[in-house]
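Asks: Fold the following, please.
(chains A and B)
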Amino acid sequence: MGADVKDVIHEVSSFFRFDLRRKGFVIEARPSETGWEVEAELLDPRPDLSSSYKKVYDQNIYLFRVASDLAIVSCEKIGTRDTSGQIHFFPKANRLPRPISPKAPPRSKEPPEEKRVSLDPSLVGSLADEISRRVSSSLQRKQGSLSEEEPITTKEAFIDPHQEVNLDFNFARVGKLEQQEEGNLSEAVERLKEIGSKKD
Amino acid sequence: MSGRIGESGRVEKGKGLDVGTAFIYSAARDRGKIVYRRQRDAFFDIEQGDFTKRMLEKVNVNYIQKDDTLFVIGDEAIEFANIFNKEYRRPLARGVISPREKEALPMIELILQSLIGTPRQKGEIVYYSVPGAPLDADFDVVYHEKVVKGILERAGYTAKPINEAMAIVFSELGGENFTGLAISFGAGMVNVCLSFMSVPIMTFSLSKGGDWIDQQAATAVGERASRVCAIKENEFDLTPPEQATPIKKALSIYYDNLIDYVLVRIKKEMERSEKMPHLKKPITLIVAGGTALPKGFLDRFSKQLWKLRFPIPIGEIRPASHPLQSVVRGALIAAITDGEKEGDRGKKAVEFIEKAKEEGKIPVAV
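Replies: Purely as a prediction, here's the structure:
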């Protein structure tokens, strides 16, 4: 029997909250050949090093592939929301799926009966508080603008289990400054390159 | 974006980072000089209050506020600990991010990023030090390595790990073709690397270091470890045969104990290893790290070394030319070499294409 859309959304939202340590919400869940595909909008933190060192958050769209037994098979960053609120999807060629488990769980022999299920906002409301109801605006995609998208390098950084906290601090750069003459630094670099090229 | 050009005409890209238990160092080249930044790895928490914040700002003490707590960071954390007669906290223990200090991770991220600064070009290479696998403790360094990598990559760097003792080889053994034995006596652990022609033959760490000496000596004389540490760092000397105070006597005993422990483990590992090179000439041994700084350390180390028969011949034993910065300096050398190699490869590719065009092997677009 195919899994219930509610369970799929619950599984994915638990995954990004607890495994990826991201805040966000599910945009859409739809059955696929192998199980389910779920699109979610997550907040990705990055430090704003230009001025304050405080964190800023990018709103990115992820595609989660979920097996019939509700195991998360992969997660892939597929687009981003710009400051005006528009979602831009990356060209497919540049997407790199990020496998979640070394081996995908066994597929269900019976394909799910549902053809395509759009997310009913009333279902979202019954899930955790963090999952927002911003469904309708996210579903308004602009399909024709793919060729104008900037190519995106989708290098995934390691996501460590750090807490998202607000920190206040009174410094721009830490550390006591010391300076030394270069000495034989360049010599060491040249020697290392030389040894490296002999090895090659 | 491109890297800046220094006086030497070279693009000055690449940075080094030494994430140590007691100190974090960053290093970068700037106009023919190596610029180091040093930050002590220590927190001291005090209750938040407007007056306290104003007072800290007035005396230029760096702090981080998290909820209702102010964390004084850096050297001042130790001063505060001594004034309030309490222990300060360490975000790193035994060379790695302390599992007991997980709540401090956002603060570690903030400190690391504000120490190393922004990349000078997109994806600038930074090599960061990681300890070797510990021989005598049941923990691994993978979590630490990945967390630091994540922090640096989120700041826009291309982050690559380098073994701490291997970095010392890069910094100190250029004249010996990067062949020799490097030992880093750190606060959290001792790191060892035997390198042959820049290839690490044997790397490992031992989970005793300066902190262990402080704790053992403190327990022996009924003092706080932070006070023992302050004495060790500021006035301790291993030269006198008789030490003047109980704390110094205890420090001297545990120094002997640590040196003996390290040398015996190195000898055993060399005897056990099947990869030992057959060396005709004696190799140089480099001693680095903050725990090896007290006067007389090298004498004691050498005397105990000569008592043991090592399976490979040891020639000169010398302190690192930059005992505290040699790890970060080696990491910087690795980063610059890596960057220049990539640059050279790019240059060779362009030359190859130009030559092929001239020879008519590649059609030239008109």
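
Asks: For chain B, what's the nearest residue on chain A?
Replies: A:G175 (3.3 Å; CB to the nearest CB). Glycine gets a C-beta too; all of them are placed from N, C-alpha and C.

Asks: how many neighbours does that residue have?
Replies: If you count neighbours by other CB atoms under 10 Å in any protein chain shown, A:G175 ends up with 22.

Asks: Also B:L17?
Replies: B:L17: 29 surrounding residues under other CB under 10 Å.

Asks: which element is it on?
Replies: Taking DSSP states H and E as the criterion, B:L17 maps to strand B:15-19.

Asks: what's the answer for B:Q215, then?
Replies: Using DSSP H and E, B:Q215 sits in helix B:210-221.

Asks: cool, and B:A230?
Replies: Counting by DSSP H and E, B:A230 is found in helix B:225-235.

Asks: what's the average pLDDT for that helix?
Replies: Mean per-residue pLDDT for helix B:225-235: 87.

Asks: how far out from the middle of the chain is the following helix or strand past it?
Replies: Using DSSP H and E, the helix or strand that follows helix B:225-235 in sequence is helix B:246-272. Per CA atoms, centre = their mean, to the nearest Å, the displacement of helix B:246-272 from the mean C-alpha position of its chain is 20 Å.

Asks: What helices and strands are in contact with the helix or strand following helix B:246-272?
Replies: As assigned by DSSP H and E, the chain's next helix or strand after helix B:246-272 is strand B:283-288. When contacts are defined as 3 or more CB pairs under 8 Å, 6 or more residues apart in numbering or on different chains; DSSP states H and E, strand B:283-288 sits against helix B:164-172, strand B:180-185, helix B:297-307, strand B:314-319, helix B:326-358.

Asks: could I get the ones you listed as JSON lines with distance to B:L194 and mean neighbour count?
Replies: Below are the helices and strands packed on strand B:283-288 laid out as JSON lines (distance: least, CB to CB, whole Å; neighbours: other CB atoms under 10 Å in any protein chain shown):
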{"stretch": "helix B:164-172", "distance to B:L194": "9", "mean neighbour count": "30"}
{"stretch": "strand B:180-185", "distance to B:L194": "5", "mean neighbour count": "28"}
{"stretch": "helix B:297-307", "distance to B:L194": "14", "mean neighbour count": "15"}
{"stretch": "strand B:314-319", "distance to B:L194": "11", "mean neighbour count": "14"}
{"stretch": "helix B:326-358", "distance to B:L194": "15", "mean neighbour count": "19"}
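
Asks: Now mean pLDDT and distance to chain A too, for those, in CSV please.
Replies: Converted to CSV, the helices and strands packed on strand B:283-288 look like this (pLDDT from 0 to 100; distance: least, CB to the nearest CB, whole Å):
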stretch, mean pLDDT, distance to chain A
helix B:164-172, 97, 6
strand B:180-185, 97, 13
helix B:297-307, 94, 21
strand B:314-319, 95, 15
helix B:326-358, 82, 5
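
Asks: Nearest to B:K86, out of the ones you listed?
Replies: In terms of CB to CB, the element of the helices and strands packed on strand B:283-288 nearest to B:K86 is strand B:180-185, at 27.0 Å.

Asks: Next, the residues that contact that closest one from outside, please.
Replies: Identification of contacts with strand B:180-185 by CB atoms under 8 Å, 6 or more residues apart in numbering or on different chains yields B:164-166, B:168-169, B:172-173, B:190-195, B:209-210, B:258, B:262, B:266, B:283-292, B:314, B:326-327.

Asks: angle of the next helix or strand along the chain from that strand against helix B:210-221?
Replies: Per DSSP H and E, the first helix or strand lying C-terminal to strand B:180-185 is strand B:190-196. Interaxial angle of strand B:190-196 relative to helix B:210-221 (axes from the mean of the first three to the mean of the last three CA atoms, to 10 degrees): 140 degrees.

Asks: hmm, who's touching stretch A:33-44?
Replies: A:3, A:8-9, A:12-13, A:16, A:20, A:22-31, A:57-69, A:73, A:78, A:81, A:107-108, A:111-112, A:134, A:138.

Asks: 7 Å instead, please
Replies: With CB atoms under 7 Å, 6 or more residues apart in numbering or on different chains as the contact definition, stretch A:33-44 has outside contacts at A:8-9, A:12, A:16, A:22-30, A:57-68, A:81, A:107, A:111, A:138.

Asks: Among these, which lie within strands?
Replies: Per DSSP state E, strands hold the following members of these: A:23-30, A:57-67, A:81.

Asks: The residues you listed, buried ones only, as a PyMOL selection?
Replies: Buried members of the ones in strands among the contacts of stretch A:33-44, defined by 16 or more other CB atoms under 10 Å in any protein chain shown, are picked up in PyMOL with:
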select buried, chain A and resi 23+24+25+26+27+28+29+30+59+60+61+62+63+64+65+66+67+81
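
Asks: quick one, helices of chain A?
Replies: A:5-18, A:121-125, A:136-139, A:185-199 (DSSP state H).

Asks: now these in JSON lines, with distance to B:K357, mean neighbour count and mean pLDDT?
Replies: Formatted as JSON lines, these follow (distance: least, CB to CB, whole Å; neighbours: other CB atoms under 10 Å in any protein chain shown; pLDDT from 0 to 100):
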{"stretch": "helix A:5-18", "distance to B:K357": "50", "mean neighbour count": "19", "mean pLDDT": "84"}
{"stretch": "helix A:121-125", "distance to B:K357": "59", "mean neighbour count": "14", "mean pLDDT": "39"}
{"stretch": "helix A:136-139", "distance to B:K357": "50", "mean neighbour count": "14", "mean pLDDT": "32"}
{"stretch": "helix A:185-199", "distance to B:K357": "26", "mean neighbour count": "16", "mean pLDDT": "84"}
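
Asks: Adding distance to B:G222, write those out as CSV.
Replies: CSV is the format used below for the helices of chain A (distance: least, CB to CB, whole Å):
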stretch, distance to B:G222
helix A:5-18, 45
helix A:121-125, 61
helix A:136-139, 64
helix A:185-199, 47
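
Asks: so where is the chain shaky, pLDDT-wise?
Replies: In the absence of a named chain, this looks at chain A. Across chain A, the ranges flagged by pLDDT under 70 are A:1-2, A:47-55, A:93-165, A:198-200.

Asks: actually chain B
Replies: B:1-12, B:98-103, B:139-140, B:343-347, B:349, B:361-366.
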